[in-house]
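J.: 3D, please:
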Amino acid sequence: METHYLNVEQAAEYLNTSVRFVRRLIAERRVAFHKVGAHVRLAVEDLEAFVLAGRVEPITRASVRRDLGRAA
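T.: I've put the predicted structure just below:
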């Protein structure tokens with residue numbers, strides 16, 4: 001399997017965010033990255049894992065009832 005790596009600017013475009021946001025993710029170690037000499041590279045798989053980790057499921061009536069049942 002071949003891994004595809006992006007630089008910070010490409011990663012920002014891939015995530016549809018700013019370069020500053022990607023650099024903050026790296027500085028805070030919130031996303032995995034690779035150092036190649038002085039360069040920072042991000043694997044597309046790592047970016048996908050970051051996005052999936054932030055997924056929030058929609059609220060349904062059943063989930064609200066279930067959660068209220070736990071509180072009682």
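J.: gap between the spatially closest residue to residue 4 that is not a sequence neighbour and residue 37?
T.: Leaving aside its sequence neighbours, residue 4 sits nearest to residue 44 (CB to CB, 6 or more residues apart in numbering; 4.8 Å). For every residue, glycine as well, the C-beta is placed using N, CA and C. To residue 37, residue 44 is 20 Å away according to CB to CB, to the nearest Å.
J.: How is the spatially most central residue of the chain classified with respect to secondary structure?
T.: Closest to where the C-alpha atoms of the chain average out (CA atoms, centre = their mean) is residue 50, at 2.4 Å. Here residue 50 is recorded as helix under DSSP: H, G, I helix; E, B strand; the rest coil.
J.: wait, doesn't it sit right on residue 25?
T.: Yes. Assessed by CB atoms under 8 Å, residue 50 is found in contact with residue 25 at 7.4 Å.
J.: anything in contact with each of the two?
T.: Counting by CB atoms under 8 Å, 6 or more residues apart in numbering, the common neighbours of residue 50 and residue 25 are residue 31.
J.: What lies in contact with stretch 43-54?
T.: 3-6, 11, 14-15, 25, 30-34.
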